[in-house]
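K.L.:
Sequence first, predicted model second:
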Amino acid sequence: MTTLMRTLWTYPKKAWRWLTSMRTALVLLFVLAIAAIPGTVLPQRSLNEGNVADYIADNGRIAEFYDQLQLFDVFESTWFNAIFMLLTLSLIGCIVPRSWDHYKAMKTPPTRAPKRLERLPLHATGTVDKPLSQVSADARGLLKRWKVAAYTPNQDRAGVFSLAAERGYTREWANLIFHLSLVGMLVTIAAGRMVYYEGMVIIVTESGNYETPPIEQSTEFCNTSTANFDSFRAGPTFDGTGLTTFCFDAHDFAADYLPNGQAEMFTSNISYAVGEDILTPKDEWTDYQLQVNHPLRVAGDRIYLMGHGYAPTFTVTWPNGETRTQTIQFGPEDPTFFLSSGAMRFDPPAGMYPDIFERRQNQIALQGLFAPTAEWSGDNGQLLTSAFPAMRDPAVAIDIYRGDAGLDTGRSQSIFELDPTLIANGQLQKIERVNLQQGDEVTLDDGTTITFDGASEFANFQISHDPFQPWVLVTTVIMLASLIGSLVIKRRRIWIRLRPTADGTATLVEIGGLARTDRAGWGGEFDKIHRELLGLPDPDDIDEEVEEDTPVLATSPSQ
C-alpha cells in the first residue's frame, strides 16, 4: 500500500516540478502571447457586438466555427483563462522558492577570503606602522556601512587574521521585493477578474439642434440593477447583487474638434448622488465635469466617458392628427465625421385601427443615414455624406417602410437596423426613399407625414467596479521600483588580511576586491579604501603638487 501511494504521489510531484520550472513559465508566456493574437485581429463582443454579428453574417461557416472556438470572446474564453491561470501558478511556483533563496542570501554573512587575493581583479598590499589591533579597528571604521565579518587564523583559508566585508545587500532585498510584488500583482489581477463588473449605458443628453424642442427624455442613470445597463458583464463570482448604489444625471455633452475634424476632447457635465443622498432634490446633487481619461470615482466604482454619437428625432403625424415622436441613437459608421445609420419603428394610434392585425399592417418603420454636417455628392447630388463631425447642418437619407415592423412579436430586434427577414418576405414594404434636412417633412400616400425635427447628442458611459484595482496599482509600482533598485544597486566584496611583523609594531596589509555585478564605479571606491587604510596620499593631490613644482619655460619671439 505504501509503495502504491508513493507511486501515485510521484506523478503529481513531477507535474508540479514541470509546471513550476522557469522553462515552462516562459513557454506558457509565449503561448499566452500567441493566444492573444485572435483578440487583436478578430472583432470582440466585449468591444462591439455589432461588428461581431456583421463578421459572422459576412463570413458564414468559418465565422461560426470561430464563434464555437470562442475567438470572438478571446479574453473571456475558457482556454485563454486556463492558460493565464497555468501561467500564474507557474510563476508563483517559480517565484516563491526563489524569493526564499534571495532572503537567505541577504541574511548570509560575508564569505571567507580566498586563499590568494592577488588573483582578484582588484588587489593592493602595503605596510602600516600600527599594531594589528589598531589597523583592524581602522579598517572597521572605513567599512562601517558594510556588512563585516572577522575570521581568525584558524578560520581563514590562508591561516591569517582577515576581515570580510560585503555591500549591496539591498540588491537582494530589491530582488526579494520584486518577486513578491510580481506574485502580488498576479494574485490581485486574478482576484479582481473574479469579482469585477462592468456595464455600458447610452444616455441621450439635452444637447441638440432643434427648431422645436423635442419631448423631454430621461437623462438619469441609477446603478441599482443590471437591467438598467445596455450591456453588462461580470466576473464568475458576481451574482448580480451588491451593486454600488448611486445615480447620475447627464446634463449635456460637448465635443471639441480640430479643423480637420479630429476630436480633441469630449466633455459631459453630470451631477451625482450616492446612497441615501439619491432621495435629495437633484439640484443638491454633486456636480462633476466628466472627460476622457478623467473618470468619476464613486464609492469604489468608476464612471468613464467612452464615446458619443447622434440620436435623430422624427415625428410621425397620422391622418387623424395624432403624433408619435421618437429620439433614438444611430450607430456611427464613420468614426471621424460620424455618418451614422439606424432605424426607428412607430406603432399607429390604437383608435385608428381597432383590429390588432390591421394595426400591425400599418406600422411605420424608418431606416437610413444621418449626417451631422451634410454634404451631398453623386451624379444628381442625392448621395448623403458627412463633411464634419460637429452638428452644423444635420440631414438624413431614409427609406420609409409600412407593414409589420415586429414591434409586438416579443422578439428582440436591433435598434440600428430593421429585421431583413421582414423586408424579404414582404411584411415590411418600402414606400418612399427621401432626403430630409432639419425641419423638412414628407407626406405619404395615405396622408401620414414624417418630419425630421433635428438631433441630440448621446454619450456612452462605462461603469466599472474592481475592488482590487488599487492593490494592482500598488503592487505594480512596488515591482517597478524594486526592479530599478535591483538593476542600479551593485553588490561588491572586499577582503583585508592583516599580518603582524615580528616585533608587532607594524602590520602587513593585503586587500582584495571583487564586484559581484557590474564593476562600473567600484574601482574608485576600492582605491579610496585601500589608500586611507594604508595612509597613502590622494593621486589628485600629488598631481597638484607636481604642477606647482614644475617651472614655467618662457619662449621669446625669435624662438
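P.N.:
Structure's in. What do you need? Numbering: from 1, shown residues only.
K.L.:
CA only for contacts and neighbour counts going forward, please
P.N.:
Noted.
K.L.:
what are the phi and psi values for residue 500?
P.N.:
Main-chain torsions, residue 500, degrees, to the nearest 10: phi -70, psi 150.
K.L.:
That one reaches residue 131, doesn't it?
P.N.:
Yes: look at residue 500 against residue 131 with CA atoms under 8 Å: they come within range, at 6.9 Å.
K.L.:
Give me the common contacts of the two.
P.N.:
Common contacts of residue 500 and residue 131, defined by CA atoms under 8 Å, 6 or more residues apart in numbering, comprise 506, 507.
K.L.:
elements contacting whatever helix or strand residue 429 lives in?
P.N.:
With elements taken from DSSP states H and E, the one containing residue 429 is strand 428-437. Strand 428-437 sits against strand 395-403, with contacts defined as 3 or more CA pairs under 8 Å, 6 or more residues apart in numbering; DSSP states H and E.
K.L.:
Just give me how far the very next helix or strand once past the strand it packs on sits from the chain centre.
P.N.:
Next along the chain after strand 395-403, taking DSSP H and E as the criterion, comes helix 420-424. Distance, stretch centre to chain centre, for helix 420-424: 42 Å (CA atoms, centre = their mean, to the nearest Å).
K.L.:
again, but for stretch 403-422
P.N.:
38 Å.
K.L.:
Buried ones in that stretch, by neighbour count?
P.N.:
Neighbour-count burial for stretch 403-422 flags 403, 404, 405, 406, 415, 416, 417, 418 (criterion: 16 or more other CA atoms under 10 Å).
K.L.:
Same list (those residues) but as a markdown table, adding distance to residue 66.
P.N.:
Listed next are the buried residues of stretch 403-422 as a markdown table, based on distance: CA to CA, whole Å:
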| residue | distance to residue 66 |
| --- | --- |
| 403 | 36 |
| 404 | 34 |
| 405 | 32 |
| 406 | 30 |
| 415 | 26 |
| 416 | 24 |
| 417 | 24 |
| 418 | 26 |
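K.L.:
residues touching residue 467, list them.
P.N.:
By CA under 8 Å, 6+ apart, the contact set of residue 467 is 192, 196, 300.
K.L.:
if we go to 7 Å?
P.N.:
192, 300 (CA atoms under 7 Å, 6 or more residues apart in numbering).
K.L.:
go on, residue 347?
P.N.:
363, 364 are the contacts of residue 347 under CA under 7 Å, 6+ apart.
K.L.:
residue ranges for the helices of the stretch 101-250 of the chain, please.
P.N.:
Secondary structure of the stretch 101-250 of the chain by DSSP state H, counting those that start in this stretch: the helices cover 132-142, 169-195.
K.L.:
Can you tell me the element residue 381 falls in?
P.N.:
Assigned by DSSP H and E, residue 381 falls within no helix or strand.
K.L.:
What values do phi and psi take at it?
P.N.:
With angles defined as degrees, to the nearest 10, residue 381 shows backbone torsions of phi 70, psi 30.
K.L.:
can you map out the strands along the stretch 51-200 of the chain?
P.N.:
For the stretch 51-200 of the chain, strands defined by DSSP state E, counting those that start in this stretch occupy the ranges 122-128, 147-151, 161-167, 197-210.
K.L.:
which of the ones you listed is buried the deepest?
P.N.:
strand 161-167 (a mean of 23; mean count of other CA atoms under 10 Å).
K.L.:
residues in contact with the residue lying closest to residue 392 once chain neighbours are set aside?
P.N.:
Closest residue in space to residue 392, ignoring its immediate chain neighbours: residue 373 at 5.1 Å, by CA to CA, 6 or more residues apart in numbering. By CA under 7 Å, 6+ apart, the residues touching residue 373 are 386, 387, 388, 389, 390, 391, 392, 393, 394.
K.L.:
What's the ChimeraX line that selects buried ones from these?
P.N.:
Applying 16+ other CA under 10 Å to the contacts of residue 373 leaves a buried subset, and the ChimeraX line that selects it is:
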select :386,387,388,389,390,391,393,394
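K.L.:
Kindly indicate which of the contacts of residue 373 lies nearest residue 187.
P.N.:
Of all those, residue 187 sits closest to residue 389, with 43.6 Å by CA to CA.
K.L.:
In three-state terms, label that closest one for me.
P.N.:
Using DSSP: H, G, I helix; E, B strand; the rest coil, the structure places residue 389 in coil.
K.L.:
where are the low-confidence patches of the stretch 1-150 of the chain?
P.N.:
The stretch 1-150 of the chain contains residues with pLDDT under 70 at 1-9, 50.
K.L.:
so which of the strands of the stretch 51-200 of the chain comes closest to residue 489?
P.N.:
It's strand 161-167; of the strands of the stretch 51-200 of the chain, that one is closest to residue 489 (CA to CA) at 9.5 Å.
K.L.:
Report all helices and strands that the closest one contacts.
P.N.:
When contacts are defined as 3 or more CA pairs under 7 Å, 6 or more residues apart in numbering; DSSP states H and E, strand 161-167 packs onto strand 147-151, strand 492-500.
K.L.:
Could you find the closest non-adjacent residue to residue 235?
P.N.:
Sequence neighbours aside, residue 194 is the residue nearest to residue 235 in space, at 4.5 Å (criterion: CA to CA, 6+ apart).
K.L.:
quick one: contacts for the one you found?
P.N.:
Each residue near residue 194 by CA under 7 Å, 6+ apart is listed here: 235, 236, 237.
K.L.:
picking that back up, pairing partners for the strand holding residue 429, with directions?
P.N.:
strand 395-403 (antiparallel) (DSSP bridges).
K.L.:
who's in contact with the strand it pairs with?
P.N.:
360-372, 374, 384, 427-438.
K.L.:
now that strand: mean pLDDT?
P.N.:
Strand 395-403 carries an average pLDDT of 92.
K.L.:
in stretch 289-309, what's buried?
P.N.:
Going by neighbour count (16+ other CA under 10 Å), the buried part of stretch 289-309 is 290-291, 295-296, 298, 301-306, 308-309.
K.L.:
what's the lowest-pLDDT member of these?
P.N.:
The weakest per-residue confidence within those falls on residue 306 (85).
K.L.:
quick one: secondary structure of that one?
P.N.:
strand.
K.L.:
List the residues that contact it.
P.N.:
By CA under 7 Å, 6+ apart, the residues touching residue 306 are 292, 460, 461, 462.
K.L.:
give me that answer again for 10 Å
P.N.:
200, 201, 202, 266, 291, 292, 293, 295, 459, 460, 461, 462 (CA atoms under 10 Å, 6 or more residues apart in numbering).
K.L.:
Which members of those occur in strands, if any?
P.N.:
200, 201, 202, 266, 291, 459, 460, 461, 462 (DSSP state E).
K.L.:
Nearest to residue 320 among those residues?
P.N.:
residue 202 (34.0 Å).
K.L.:
before we move on, the earlier item: buried subset of the contacts of residue 194?
P.N.:
The buried subset of those - by 16+ other CA under 10 Å - is residue 235.
K.L.:
Just put the contacts of residue 194 in JSON lines and tack on distance to residue 88 and pLDDT.
P.N.:
Below are those laid out as JSON lines (distance: CA to CA, whole Å; pLDDT from 0 to 100):
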{"residue": "235", "distance to residue 88": "18", "pLDDT": "84"}
{"residue": "236", "distance to residue 88": "18", "pLDDT": "83"}
{"residue": "237", "distance to residue 88": "19", "pLDDT": "85"}
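K.L.:
Now do the phi/psi pair for residue 415.
P.N.:
Note on residue 415: its backbone torsions stand at phi -80, psi -10 [degrees, to the nearest 10].
K.L.:
please begin residue numbering at 16 from this point
P.N.:
Okay, using 16 as the starting number, the last item reads as residue 430.
K.L.:
Can I get the buried part of the contacts of strand 410-418 as one PyMOL selection?
P.N.:
Typed into PyMOL, the line below selects the buried ones among the contacts of strand 410-418, using 16+ other CA under 10 Å:
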select buried, resi 375+376+377+378+379+380+381+382+383+384+385+386+387+389+399+442+443+444+450+451+452+453
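K.L.:
where does the stretch 366-515 of the chain have low pLDDT?
P.N.:
In the stretch 366-515 of the chain, residues with pLDDT under 70: 424-425.
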